[in-house]
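Q: Would you be able to build a 3D model of this:
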Amino acid sequence: MVQVGQFYQGSRLLQPLCDIIGLPVDQINFLACFVIAFSSGVLMRKAIPAGRDRATQRHVFELSLGLAMGYFCFGYQLIHLLLYSTLPYLLVLYGPRRSYHTLVFTVAFAYIVIMHSYRLFYDYGGFSLDVTGPMMLMTQKVTSVAFSVHDGMEVPDDKLSDDQRKNCIREKPSMLEYYSYMFSFHNIMAGPLVFYTDYLSFIDGSSTKVPPPKQDNNHNSKTREPSPNAAILESFLIAMVCGFFTLISPIYYPISWMADDKFLYETNIFYRNFYMILVVSLQRSKYYFAWKLGEMSNLGAGLGFRGYDKEGNEKWDLLTNIKIWKLETSTSLKVFIDSWNLNTVIWFRRVIYERTPPSVKTLAVFVCSGVWHGLYPGYYVTFFSTAFAVMAARLVRRNIRNYFQTSESKIFFYDGVTFIATRFAGAYLLAPFCLLEFTASIKLLVSVGFHVHILSAIAILWFTFINPSRKRKE
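A: Numbers count the residues shown, from 1 in each chain. Below is the predicted model:
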């Protein structure tokens, strides 16, 4: 059984390599699984090409290798992934027809809260790889399947939105299809989330059987087999750059410095703010790195095609989970948030935001996001603070932006100010997420004057009570 301080339960086969390189065994295992997943994906794409007549073979290959990789990385903890995927499947099959989707949501979140609590006790403050990572992805999968099956089989078609109608599942998934989706080998470690209907289209090859647009009036475009090679190369180069920053950031710009008394009380407020911006920006690189590796694994298998643009260029961005340039140059918190963990944003919209009362939509998303991420207090400081700041930012944008759209110079000035404000606000709001602990987070926010909270409160009071915002047609 797991002991306190010895949380990782994966294979120790590569321990000799760890002793040479100096990286922990969980990180080496993660990278080894990525290499296996990518190379196996390329092999599957060549040896078992997508097609309806080969769907069973592809499902078996996906499931078998996914289970093997899960055991290699997580040892006996794989049982949690099996149980976590099976309970929702049984509810979909045999649960009450009117409410099985909400039961799946409740069971999934209750289970992952238990696992987060378990980790909190045995590995508080640790960053070792464990089964809660894949479980977070599986939470998205089991809930999206349950809601899509409910939409397709229990809800009248005229009551579905266009997006729900497009993604609904008209018949219950077979056992092989379901578990292949849950344990897909190129998706199990780092995602990103792929929705069930998109996964089946990848398996049977229908996702790539899309003709490109006509290039001229004299020649009809012919269906061609799209190639992910260019997208793979792009993801690889980005991953390498982000991997470099991931390695150097804890050496030269550690997070722990933000919780040190010398930092909090012996440096000036300008230094503290700029250090926050630098460190939080560098911390994002580890997520960019993992997501780009995940995208590479899926692209190697041929998953990620989303048709052609107007010029006939292939689009391999179905599983793009981060728009790095858009996020790093964003001029509003909304764009900042919407550019981060894109498929999770879609999942929150489909499963929570669109299905809760309008008065609590935003709050429900932030609460569920906090629970889904884990139980560290810093997460909740970040999510509740962000919800508060987003409310204020919407009011400011709605009432102020209009005055700066009358000339190019005013637009440039407005974008410049909002760009700088978004950098400061983003670092301020995400710093507790990085620190994890409540006391350390509050001390840090106090040391910079609680400026985002204070400015957000002033904006909400001003535009809600003192000078109510004019209703505009959104």
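Q: Helices along the stretch 351-474 of the chain, start to end?
A: With DSSP state H, counting those that start in this stretch as the criterion, the stretch 351-474 of the chain has helices at 361-373, 377-400, 408-435, 438-447, 451-461.
Q: In a markdown table: those, plus mean pLDDT and distance to L303.
A: Bear in mind the C-beta positions are built from the backbone N, C-alpha and C, glycine included. Output for those, formatted as a markdown table (pLDDT from 0 to 100; distance: least, Cβ to Cβ, whole Å):
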| stretch | mean pLDDT | distance to L303 |
| --- | --- | --- |
| helix 361-373 | 88 | 23 |
| helix 377-400 | 92 | 30 |
| helix 408-435 | 95 | 29 |
| helix 438-447 | 96 | 38 |
| helix 451-461 | 95 | 39 |
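Q: what about the longest helix seen in the chain, distance to the chain center?
A: Ranked by number of residues, the top helix in the chain under DSSP state H is helix 269-301. Mean-position distance between helix 269-301 and its chain equals 12 Å (Cα atoms, centre = their mean, to the nearest Å).
Q: Just the buried positions in the next helix or strand after that helix, please.
A: Next helix or strand after helix 269-301 toward the C-terminus (DSSP states H and E): helix 324-328. Residues of helix 324-328 classed as buried by neighbour count (16 or more other Cβ atoms under 10 Å): I324, L327.
Q: residues in contact with the next helix-or-strand element following helix 324-328?
A: Note on helix 324-328: by DSSP H and E, the next helix or strand toward the C-terminus is helix 333-338. The list of residues contacting helix 333-338 from outside it, by Cβ atoms under 8 Å, 6 or more residues apart in numbering, reads K326, L327, S330, V345, T386, A389, V390, A393, R394, T422, A425, G426.
Q: Is there a quick PyMOL command that grabs whichever of the residues you listed are buried?
A: In PyMOL, this line selects whichever of those come out buried by 16+ other Cβ under 10 Å:
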select buried, resi 327+330+345+386+389+390+393+394+422+425+426
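Q: Just list what the longest helix of the chain packs against, helices and strands only.
A: helix 25-47, helix 229-252, helix 261-266, helix 324-328, helix 408-435, helix 438-447 (3 or more Cβ pairs under 8 Å, 6 or more residues apart in numbering; DSSP states H and E).
Q: want to throw those helices into CSV with distance to M153?
A: Compiled in CSV, the helices and strands packed on helix 269-301 are given as follows (distance: least, Cβ to Cβ, whole Å):
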stretch, distance to M153
helix 25-47, 31
helix 229-252, 35
helix 261-266, 56
helix 324-328, 37
helix 408-435, 38
helix 438-447, 44
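Q: if we compare those helices, which one ends up closest to L120?
A: Set against L120 and scored by Cβ to Cβ, those come closest in helix 438-447, at 12.9 Å.
Q: Show me how far the closest one is from its chain's centre.
A: 26 Å.
Q: list the buried ones in it?
A: Within helix 438-447, judged by 16+ other Cβ under 10 Å, the buried ones are A440, S441, I442, K443, L444, L445, S447.
Q: so what does it touch, helix or strand wise?
A: helix 261-266, helix 269-301, helix 377-400, helix 408-435.
Q: hmm, try it at 6 Å
A: Contact here means 3 or more Cβ pairs under 6 Å, 6 or more residues apart in numbering; DSSP states H and E; on that basis helix 438-447 packs against helix 377-400, helix 408-435.
Q: and among those, the most buried is which?
A: For the helices and strands packed on helix 438-447, the largest average neighbour count (mean count of other Cβ atoms under 10 Å) is found in helix 377-400, namely a mean of 20.
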